[in-house]
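>>> I need the structure of the sequence given here:
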Amino acid sequence: AQKTGAEHRIYASKSYDNQKNPIPYLDKVSFLKSIFPKANIYDDNKAVTAFHIAKILSDEGYDDVTMVVGSDRVAEFRNQIGKYVKNRDDADFDPRKNYGFQKFDVMSAGERDPNAQDVTGVSGTKMREYVKKGDFASFAAGIPTKNTQIVRKLYSTIRRNMILSEGLSRNEFQPSLDSFVEFAAKELDIDD
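Purely as a prediction, here's the structure:
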């Protein structure tokens, strides 16, 4: 956007679950604003999907829109949203179902190399794996800020929301539990 003198907007996904999307929407927006303070992070309750965002932009009168997405999603968005793009002057333009863009494109944010050690190797899957394994150092290396406080807060948020089981199985834990019950019963003078 800066190279072409265009306005930019960054919309956070509203997807949330404890496996692939362990950061609640409002936390995503907050983290994005903290990590990228100069970026235009948009918080719009109506922007639920890419379709909603396209509708918002169309209704606001934008006529030249370029989406930037992961390389694996370019064709999907180009086809699914592109088929609803029509010039507002077309006879069959319907503002309820069409996006009034004169120009619409979808471009890749860059190719990902799963084996790379730099930013091209970062993926959500890798980052969640680091959290699962308790590997804070590798996780921190993939976050584009040197602010350790933000990184720790992000790591903790993901860890808490992934509902990770760090404990032992019942069979592994049973001897410790039995030992504790025996100790407590003796110390508290409990017979039964």
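
>>> Could you use CA atoms for every contact and neighbour count after this?
Noted.

>>> Now do the contacts for residue 101.
Residue 101 makes contact with 58, 62, 63, 64, 65, 85, 86, 87, 88, according to CA atoms under 8 Å, 6 or more residues apart in numbering.

>>> closest to residue 171 among the residues you listed?
Set against residue 171, the nearest of the contacts of residue 101 by CA to CA is residue 65 (57.6 Å).

>>> Can you classify the closest residue to that closest one other than its chain neighbours as helix, strand or coil?
Nearest non-adjacent residue to residue 65, counting by CA to CA, 6 or more residues apart in numbering: residue 104, 5.0 Å away. The local conformation at residue 104, judged by DSSP: H, G, I helix; E, B strand; the rest coil, is strand.

>>> neighbours around residue 104, how many?
Using other CA atoms under 10 Å, residue 104 has 18 other residues around it.

>>> and the gap between it and residue 10?
17 Å (CA to CA, to the nearest Å).

>>> same deal with residue 35?
13 Å.

>>> Those two: which is more packed in?
Each of residue 35 and residue 10 has its neighbours counted (other CA under 10 Å); residue 35 has more, 17 against 14.

>>> Setting the sequence-adjacent residues aside, check what's closest to the more buried one.
Counting by CA to CA, 6+ apart, the residue nearest residue 35 is residue 145, at 6.1 Å.

>>> Please check the contacts of residue 101 and keep the buried ones.
For these, a burial check counting by 16 or more other CA atoms under 10 Å picks out 58, 62, 63, 65, 85, 86, 87, 88.

>>> out of those, which are inside helices?
Of the positions in those, residue 58 sit in helices, assigned by DSSP state H.

>>> Between which two of the buried ones among the contacts of residue 101 is the distance greatest?
65 and 88, at 14.2 Å, using CA to CA across the buried ones among the contacts of residue 101.

>>> how deep is residue 20 tucked in, by neighbour count?
Using other CA under 10 Å, residue 20 has 12 other residues around it.

>>> Which positions in the longest helix along the chain come out as buried?
The residue-count maximum for a helix in the chain (DSSP H) belongs to helix 170-187. By neighbour count on 16+ other CA under 10 Å, the buried set for helix 170-187 is empty.

>>> where does residue 144 fall, helix, sheet strand or coil?
coil.

>>> quick revisit: so the residue nearest to residue 65 touches residue 85, yeah?
Yes. Here residue 104 reaches residue 85: they are 7.4 Å apart, a contact under CA atoms under 8 Å.

>>> Residue 97: neighbour count?
12.

>>> contacting residues around it?
Residue 97 neighbours (CA under 8 Å, 6+ apart): residue 84.
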